[in-house]
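Visitor: Quick one, fold the following:
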Amino acid sequence: MTDTCLILLAHGSPDPRWRAPFETLAEAIGREQGAARVKLAYMEFAAPTLADAARQARREGFTILRLLPLFMAAGGHVDRDIPVQAEALQRDFPGLTVEILPAAGEHPRVRAALREIAREALL
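Guide: Residues are numbered from 1 along each chain as shown. So this is what the prediction gives:
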């Protein structure tokens, strides 16, 4: 078993329709990479929280958490809230390494996919 767990971190909503695409994405990645290695967490309005997901990952023996913010761009949550929560996790779980990846929407492949979708919409 690898020691790295990926936590997909979305904003959150009490609306299950809003959460469904994120749950589908997490399940698909889990099928490819191993379900235990991929967790989904929400910043607010839904469970599990980042702390919940980290606690579960730690119980399962993971020592490295890589957080992938499922946000289009950096902003309040990505720039301030996630780093604060990551620091708290490292304090609460000695020996845990937490790495924060850039917001998913800032990845060149995501931007390319959005350009392609927009291009198709204009045809």
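
Visitor: Tell me, how many residues neighbour E120?
Guide: 8 (other C-beta atoms under 10 Å). Where C-beta positions appear, they are placed from N, C-alpha and C, glycine not excepted.

Visitor: And the helix or strand containing it, how far out from the chain middle?
Guide: In this assignment (DSSP states H and E), E120 forms part of helix 108-121. When C-alpha coordinates are averaged (C-alpha atoms, centre = their mean, to the nearest Å), helix 108-121 and its chain have centres 21 Å apart.

Visitor: Check what contacts it and list those residues.
Guide: Defining contact as C-beta atoms under 8 Å, 6 or more residues apart in numbering, one finds that helix 108-121 is touched by A104, G105.

Visitor: does G30 really touch T24, like I thought?
Guide: No: using C-beta atoms under 8 Å, G30 is not in contact with T24; the gap is 10.6 Å.

Visitor: Which one of these two is surrounded by more residues?
Guide: When neighbours are counted by other C-beta under 10 Å, G30 comes out ahead of the other of G30 and T24, with 17 against 10.

Visitor: And the more buried one, what's its pLDDT?
Guide: Here the pLDDT value assigned to G30 is 97.

Visitor: ditto for G76
Guide: With respect to pLDDT, G76 has a value of 82.

Visitor: dump the residue contacts of it.
Guide: For G76, counting by C-beta under 8 Å, 6+ apart, there are no contacting residues.

Visitor: mind checking how far it is from W18?
Guide: 19 Å (C-beta to C-beta, to the nearest Å).
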